[in-house]
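K.L.:
requesting a structural model of the entry that follows:
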Amino acid sequence: MNSATAAAGQRADLDDLMLAMDVVDTLRHQQSLVDHALSSDERDAALTERIRDIYRGQGIEVTDAAIAEGVKALREERFAYREPPGGFKTWLAKCYVRRAKAYKSLVALFAALGVWWGANFVFSTLPEQRELATAMEAHNGKLAALQGEEVSLKNRLQRVEKSAAREPQNVREFSELIPAIQRETSLAIDTASDIRANLKAHDLSSYQEVDDFSEEQATARIGIQAYEESLNKLNGEIATAEHNVRLLQAFEKMPIELQEMTSAAKNIGAEPAVTALANATFENAYAALKARDIEGAEREKTRLFDLVAEISASYKILIVSEPGEKTGVWRYPENNRQARNYYLVVEAVTDDGKRLERAIVSEEDGKTYRVKRWAMRVNEQTYNAVGEDKRDDGIVQNKMFGEKPRGYINPNYQMQTTGASIVSW
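P.N.:
Numbers count the residues shown, from 1 in each chain. The predicted structure is shown next:
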């Protein structure tokens with residue numbers, strides 16, 4: 001037999017095998033049509049006839065032998081799938097066969113893990129890192145500020161120690177107060193020195209890495225708090241010592257200053273009210289010193305100084321009338337939109353043309369302002385008369401509102417006024 005004949009025989013055998021397999025597959029699908037209604041012989045005959053009709057409908061002639069071979073193969077389960085035996089090799093084979101699905105699952109898993117990690121980083125880790133970084137910067141800034149405050153307190157302590165070592169002079173009027181004040185001052189300085197010696201700033205440190213600060217954050221917070229509390233106590237003791245030293249120095253200098261200014265006020269004053277006000281201010285200052293109220297004594301001293309400056313000055317109070325400048329303004333009274341308060345804008349001018357700054361109490365808020373121009377309340381008739389004066393030629397001819405001569409506290413007003421003033425409009 002030549003090679004061509006052999007090849008033809010192999011193709012025929014393969015065709016028969018493929019046909020038998022196709023018949024088996026067809027039988028599997030058609031078997032259910034008669035599976036429960038016929039006996040075994042009848043089922044085989046029915047299936048054979050059914051298969052012949054199917055193939056004939058497709059234009060394929062199948063021999064009875066091929067159909068019978070297919071039925072036999074079906075009964076013998078020759079082409080049926082059988083689960084391979086278990087074992088490691090079988091498992092590896094299955095994994096290999098299903099590798100495409102495994103790759104997709106792994107990719108999906110890793111993608112899900114990546115999304116989770118990214119979301120966790122963006123919404124959890126990153127904000128935590130930023131919060132830690134902010135807290136670390138705040139800690140470092142706080143520590144630097146407190147260390148600077150410690151240096152300042154150290155310098156203040158040295159200055160007050162030096163000042164407290166000096167004995168006050170010429171304090172006969174306050175001699176009974178001196179020993180107690182000195183004892184309090186020494187105690188405050190000693191306590192401050194002890195606090196200064198026990199400060200723990202050297203145990204605290206700045207942080208440069210967030211991870212390091214994260215581990216030590218609680219300890220750092222406690223250390224900063226303790227350090228700050230110690231500095232606050234130190235500041236309190238130094239402040240007490242400084243107050244007492246100022247008081248002792250005031251015992252030396254202030255009585256003489258008060259006496260000099262009171263005498264000056266009496267000499268310059270041209271009316272009894274000046275003398276009465278100077279004496280009252282002097283007595284208030286002395287009473288504050290005896291009560292160890294250095295701030296109160298300083299305020300009375302300032303009032304006495306202002307009194308001397310005020311009675312020493314002489315000036316005219318003139319209505320402002322320059323082009324482009326307001327001469328008068330009006331306001332609604334509080335809670336009354338049916339009425340108006342009228343004001344004329346004025347300034348204090350000396351004989352040589354110098355404009356003075358005055359301490360004016362505003363009736364709108366009760367505060368005192370130092371200004372060169374203010375507005376004084378007048379009645380509507382006076383307000384309108386000045387307005388008519390200015391409308392003639394743009395200049396107020398009768399500018400004299402009042403005059404304050406030397407030696408007097410209050411001005412003499414030539415226009416009707418309540419004396420109330422405002423400082424802004």
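K.L.:
mind listing the helices for the stretch 101-250 of the chain?
P.N.:
Ranges of helices in the stretch 101-250 of the chain, per DSSP state H, counting those that start in this stretch, are 126-164, 178-197, 210-268.
K.L.:
using a markdown table, lay out those helices together with mean neighbour count and distance to Gln58.
P.N.:
Yep, even glycine has a C-beta here, placed from its N, CA and C like the rest. A markdown table is the format used below for the helices of the stretch 101-250 of the chain (neighbours: other C-beta atoms under 10 Å; distance: least, C-beta to C-beta, whole Å):
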| stretch | mean neighbour count | distance to Gln58 |
| --- | --- | --- |
| helix 126-164 | 15 | 68 |
| helix 178-197 | 16 | 109 |
| helix 210-268 | 17 | 77 |
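K.L.:
now render those as TSV, adding distance to Leu356 and mean pLDDT.
P.N.:
Shown next, in TSV, are those (distance: least, C-beta to C-beta, whole Å; pLDDT from 0 to 100):
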stretch	distance to Leu356	mean pLDDT
helix 126-164	38	90
helix 178-197	41	96
helix 210-268	17	93
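K.L.:
closest to Phe282 out of the ones you listed?
P.N.:
helix 210-268 (4.6 Å; C-beta to C-beta).
K.L.:
and the helices of the stretch 101-250 of the chain as JSON lines, adding distance to Ala46?
P.N.:
Listed next are those as JSON lines, based on distance: least, C-beta to C-beta, whole Å:
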{"stretch": "helix 126-164", "distance to Ala46": "74"}
{"stretch": "helix 178-197", "distance to Ala46": "112"}
{"stretch": "helix 210-268", "distance to Ala46": "82"}
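K.L.:
quick one: which of those helices is nearest Tyr383?
P.N.:
helix 210-268 (35.1 Å).
K.L.:
list the contacts of the residue lying closest to Thr240 once chain neighbours are set aside.
P.N.:
Spatially, and ignoring its direct neighbours in sequence, Thr240 is nearest to Ala188 (4.2 Å; C-beta to C-beta, 6 or more residues apart in numbering). For Ala188, the contact set (C-beta atoms under 8 Å, 6 or more residues apart in numbering) comprises Glu237, Ile238, Thr240, Ala241, Asn244.
K.L.:
my guess is the last one contacts Ile181, does it?
P.N.:
I take that to be Asn244. Yes. Look at Asn244 against Ile181 with C-beta atoms under 8 Å: they come within range, at 5.0 Å.
K.L.:
how many neighbours does Gln338 have?
P.N.:
Close neighbours of Gln338, defined as other C-beta atoms under 10 Å, add up to 6.
K.L.:
tell me the secondary structure for it?
P.N.:
Three-state call for Gln338 (DSSP: H, G, I helix; E, B strand; the rest coil): coil.
K.L.:
per-residue pLDDT of it, please?
P.N.:
As predicted, Gln338 sits at a pLDDT of 88.
K.L.:
equivalent analysis for the one 5 residues further on, please.
P.N.:
Model confidence at Tyr343, given as pLDDT, is 98.
K.L.:
which SS state does the residue nearest to it when sequence neighbours are not counted fall under?
P.N.:
Sequence neighbours aside, Ala375 is the residue nearest to Tyr343 in space, at 3.7 Å (criterion: C-beta to C-beta, 6+ apart). Of the three states, Ala375 takes strand under three-state DSSP.
K.L.:
residue contacts, Ala375?
P.N.:
Gly328, Val329, Tyr343, Leu344, Val345, Val346, Ser421, Ile422, Val423, Trp425.
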